[in-house]
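Asks: just coords:
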């Protein structure tokens with residue numbers, strides 16, 4: 001997880017003040033509490049999530065600036081598999097009860113906290129002008 005945190009920190013260092021990104025990392029099948037928001041043209045999926053991700057994201061945004069809207073889904077088949085980009089612009093609608101866990105800090109933050117409690121979801125990262133936050137099992141920490 002340290003390598004992933006490092007990749008997110010690299011991305012966060014290059015985010016403009018008005019650019020918010022949500023990264024949802026999961027293991028197994030795509031979580032059921034999300035839905036794609038189709039984009040045309042649609043950026044390719046299947047690239048590894050590693051230190052080159054900022055460049056992949058820049059290329060995707062250049063192809064279609066609307067990919068910034070929604071979560072970027074990053075999945076792996078199993079615990080020993082590498083994370084790969086599996087989708088751009090996903091809406092998150094986890095039904096988890098989070099009102100007693102964190103105070104309301106906006107829809108992006110609340111979506112990340114709720115989604116972090118879904119089975120199969122490993123971690124969510126919220127990158128914004130505040131910095132990068134890591135959400136795991138209903139808790140958030142600033143990176």
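Replies: Everything's here; your move. Everything numeric here is computed off the predicted structure, so don't read it as measured data. Numbers count the residues shown, from 1 in each chain.
Asks: So which bits of stretch 127-143 are buried?
Replies: By neighbour count on 16 or more other C-beta atoms under 10 Å, the buried set for stretch 127-143 is 127, 128, 132, 133, 134, 135, 140. C-beta: built from backbone N, CA, C; applies to glycine.
Asks: which helices and strands does the helix or strand hosting residue 54 pack with?
Replies: Using DSSP states H and E, the element containing residue 54 is helix 53-63. Helices and strands touching helix 53-63, by 3 or more C-beta pairs under 8 Å, 6 or more residues apart in numbering; DSSP states H and E, are helix 2-13, strand 84-92.
Asks: chain center to it: distance?
Replies: 14 Å (C-alpha atoms, centre = their mean, to the nearest Å).
Asks: coming back round to it: want to throw the buried residues of stretch 127-143 into JSON lines with distance to residue 117?
Replies: Output for the buried residues of stretch 127-143, formatted as JSON lines (distance: C-beta to C-beta, whole Å):
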{"residue": "127", "distance to residue 117": "20"}
{"residue": "128", "distance to residue 117": "21"}
{"residue": "132", "distance to residue 117": "20"}
{"residue": "133", "distance to residue 117": "15"}
{"residue": "134", "distance to residue 117": "14"}
{"residue": "135", "distance to residue 117": "9"}
{"residue": "140", "distance to residue 117": "12"}
